[in-house]
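> model this:
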Amino acid sequence: MQAATFIKICGLTRAQDVGAAVHAGAHFLGFVLYPGSPRYIPLERAIELCALMPPAVKPVLLFVNAERVDVQAACRAIPRGILQFHGDETPQQCKELADGYPYWRAARMHEGFDLKAFAEQYAQAQALVLDAHVQGYGGGGQAFDWSWLPQGLSTPLILSGGLNPDNVEAGIRQIRPWGVDVSSGVEVAKGIKHHPAMQSFCQAVRCTDQLLST
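Residues are numbered from 1 along each chain as shown. This is a model prediction of the structure:
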């Protein structure tokens, strides 16, 4: 079993929140480059915020049904970034958009969703981000029923959707994911992070890992 559950804090828009997320212990910071999101930032702003991050913390650039030229521009500007495709991208589109860059693929979970088949289709994804199926493309702060997840998946899973400092321990215990992803669960407003909540979230993950390793 891996020594630690990786932590991603998504939807960052402010420099002070980037610093606080890094200080809290996040391993990945997510930047939404989808104009339809209330947490959207333009590429120029993402470049500025990524410049504040230490090398050990990786940026994740989130796209929804983006044009190839926009994804390629982001890859050139932030070459150490990981791509996250959160829309209706097919496996072939993900491959073409990523063009050799590592990427994560969001799976919008609902009852009856065949995650095993989805994982086989997106076998080139570095990980699958499990989010609730809500109107729009994520970021709704809603959890899905974790019992829907099948057993025996070898694909790294990132648990998302409605996580917060109070329920992340239960999620890790039940799913044993590769990582966890939080956005609205550590906010005071959309795109505005609550620093104590980020600290509490990361501390809850670390404490749970420690308990499970003993």
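
> mind checking the longest helix of the protein?
Counting residues, the longest helix found in the chain (DSSP state H) is helix 195-213.

> count of residues packed around D88?
Using other Cβ atoms under 10 Å, D88 has 10 neighbouring residues. Every C-beta, even on glycine, is put in place using the N, C-alpha and C of the backbone.

> Who are the contact partners of it?
Contact analysis of D88 by Cβ atoms under 8 Å, 6 or more residues apart in numbering lists N65.

> Could you check the pLDDT of it?
For D88, the pLDDT comes out at 94.

> ditto for Q142
79.

> could you turn the host helix or strand of K116 into PDB, dropping everything but the C-alphas?
Here K116 sits within helix 115-121, counting by DSSP states H and E. C-alpha atoms of helix 115-121 as PDB (Å, rounded to 0.1, in the frame of the first residue of the first chain):
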ATOM      1  CA  LEU A 115     -16.200   2.400 -14.200                       C
ATOM      2  CA  LYS A 116     -14.300  -0.700 -15.200                       C
ATOM      3  CA  ALA A 117     -15.200  -0.200 -18.900                       C
ATOM      4  CA  PHE A 118     -14.400   3.500 -18.500                       C
ATOM      5  CA  ALA A 119     -11.000   2.700 -17.100                       C
ATOM      6  CA  GLU A 120     -10.300   0.400 -20.000                       C
ATOM      7  CA  GLN A 121     -11.300   3.000 -22.500                       C
END
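
> Tell me the helix or strand right after that helix.
strand 127-132.

> Pairing partners for that following strand, with directions?
Here strand 127-132 is paired, per DSSP bridges, with strand 103-109 (parallel), strand 157-159 (parallel).

> which residues are in contact with the last one?
The reference is to strand 157-159. Identification of contacts with strand 157-159 by Cβ under 8 Å, 6+ apart yields 6, 8, 104, 127-130, 146, 149, 171-172, 175, 177-181.

> Now the buried members of these.
Burial by neighbour count, judged by 16 or more other Cβ atoms under 10 Å, picks out 6, 8, 104, 127-130, 149, 171-172, 175, 177-181 from the contacts of strand 157-159.

> H27 against T5, yeah?
No: the pair H27 / T5 is not scored as a contact, 9.2 Å apart, by Cβ atoms under 8 Å.

> These two: who's more crowded?
Between H27 and T5, counting by other Cβ under 10 Å, T5 is the more crowded of the two (22 against 17).

> what sits against that one?
Contacts of T5 by Cβ under 8 Å, 6+ apart are I172, P177, W178, G179, V180, V205, T208, D209.

> Save the residues you listed as JSON lines, and put in pLDDT too.
Shown next, in JSON lines, are the contacts of T5 (pLDDT from 0 to 100):
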{"residue": "I172", "pLDDT": "96"}
{"residue": "P177", "pLDDT": "96"}
{"residue": "W178", "pLDDT": "97"}
{"residue": "G179", "pLDDT": "98"}
{"residue": "V180", "pLDDT": "98"}
{"residue": "V205", "pLDDT": "98"}
{"residue": "T208", "pLDDT": "97"}
{"residue": "D209", "pLDDT": "97"}
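
> All set, thanks.
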